[in-house]
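Enquirer: Need coordinates for the below:
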Amino acid sequence: MNKLPRKSKKATISASNDGTLLDNQDLEENPATATITVTSVEVRELTKDEQSDRLHLERQVEKAFYLAGKALVELRDRKLYRSTHKTFEDYCRERFGFERRYPYRLMESTVVVDNLMKMCPNRTQNDSGADTSTPDSSEGQVLPINEYQLRPLIPLEPEVQIEAWKQAVEQAGGKVPSGRIVKDVVQRIIERTKIPNTYQIGEVCQIVALDNPELRGKGGCWGIVSHVGEFSCTVRTWDGEYTVSLQHLKPFNYLPAECEQMRQVCDRIERIYSDLLEETVKNLLQSLGKLNRPYLTAVEEKLLGLIEREYGVTD
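Expert: The predicted structure is shown next:
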């Protein structure tokens, strides 16, 4: 049997404590006398110009989501997408690859940032009195650097947003807090204030999904309150029931008769809806499930009636 070749030992040269060079054999016989030589690399300090460039670029990164939100607001309000797209949502998805909710999060976050900037002692305004400042921590104020950090603040009142952000910054040791820290602070404020649950069974409300992954795809849907808890409600929508915390609900303040109308619409859609339906039918029913008015138009009523007759679910 052929023997495997012995692995050759790499010769090394090192130095003993007294500076004498040691060959490989000496190291094997007395390894304790060996030392490891580390070559130091000099790191040059940044010049004043480099420091200025770094600060400028860091601020651009911090402002990115804010400037994007401001730009989206103008694109939407002026309908600058109208030459190529029918809706703002289609434009954002095809032009920027944004999912339906994301551009609205960016736009909502700019409102929160503008509110937080009221804490700044120095702000600039244009001739019309509008605030033209952008997020900048150079004045000693810690401001958010992405919209995720602001999502928990969006449903709060402006003064509560400022309070919550200050607490989150303190908890983060004076640095920019993570989205998780902000969310925890907001949750404690909500629990502390013990917002009373004023919803009533049969009331119509809207689901505000925000950053809740369990409500993905349900943002903007209306539903009928079927159970009222201390900090949440069970809401029946066109495709099932969901237990939703109070901060993820928005009341429509419909009259009792209007609530009854929407309950009947919910019952009708619920009897029809199924994942096995044709895509066009599903899309129509889903659009009815996001109405922000307490009635169907004449066309919507005819279409819903046609679908009911087609699938044999009429009373």
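
Enquirer: what are the ranges of the strands in the stretch 201-315 of the chain?
Expert: All strands of the stretch 201-315 of the chain, identified by DSSP state E, counting those that start in this stretch, fall at 204-207, 222-228, 232-237, 240-245, 249-251.

Enquirer: quick one, which of the ones you listed is packed in tightest?
Expert: strand 204-207 (a mean of 22; mean count of other CB atoms under 10 Å). Just so you know, the C-beta spots here come from the backbone N, C-alpha and C atoms, and that holds for glycine as well.

Enquirer: Kindly spell out which helices and strands sit in contact with that one.
Expert: Contacts defined by 3 or more CB pairs under 8 Å, 6 or more residues apart in numbering; DSSP states H and E place strand 204-207 against strand 222-228, strand 232-237, strand 249-251, helix 256-272.

Enquirer: State the mean pLDDT of whichever helix in the chain runs longest.
Expert: Secondary structure assigned by DSSP state H gives helix 48-77 as the longest helix of the chain. The average of the pLDDT scores along helix 48-77 is 80.

Enquirer: Same check on stretch 246-265?
Expert: 92.

Enquirer: Now tabulate the helices and strands packed on strand 204-207 in a markdown table and tack on distance to Glu108.
Expert: Shown next, in a markdown table, are these (distance: least, CB to CB, whole Å):
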| stretch | distance to Glu108 |
| --- | --- |
| strand 222-228 | 20 |
| strand 232-237 | 22 |
| strand 249-251 | 13 |
| helix 256-272 | 26 |
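
Enquirer: Poorly predicted segments of the stretch 51-200 of the chain, please.
Expert: Across the stretch 51-200 of the chain, the ranges flagged by pLDDT under 70 are 58-62, 120-140, 193-195.

Enquirer: Excluding residues flanking it in the chain, which one is nearest the residue positioned nearest the centre of the chain?
Expert: Against the mean C-alpha coordinate of the chain, by CA atoms, centre = their mean, the closest residue is Tyr148 at 4.0 Å. Once flanking residues are discounted, Tyr148 sits nearest to Gly179: 4.3 Å by CB to CB, 6 or more residues apart in numbering.

Enquirer: out of the strands of the stretch 201-315 of the chain, nearest to Glu300?
Expert: Closest to Glu300 of the strands of the stretch 201-315 of the chain is strand 222-228 (CB to CB; 14.0 Å).

Enquirer: Including distance to Glu279, could the strands of the stretch 201-315 of the chain go into a markdown table?
Expert: Output for the strands of the stretch 201-315 of the chain, formatted as a markdown table (distance: least, CB to CB, whole Å):
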| stretch | distance to Glu279 |
| --- | --- |
| strand 204-207 | 23 |
| strand 222-228 | 22 |
| strand 232-237 | 19 |
| strand 240-245 | 19 |
| strand 249-251 | 29 |
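
Enquirer: So Pro158 is in contact with Leu116, correct?
Expert: No. The criterion here is CB atoms under 8 Å, and Pro158 misses it with Leu116 at 9.2 Å.

Enquirer: Looking at the two, which one has more neighbours?
Expert: Remark: of Pro158 and Leu116, Leu116 carries more neighbours, 22 against 14, as counted by other CB atoms under 10 Å.
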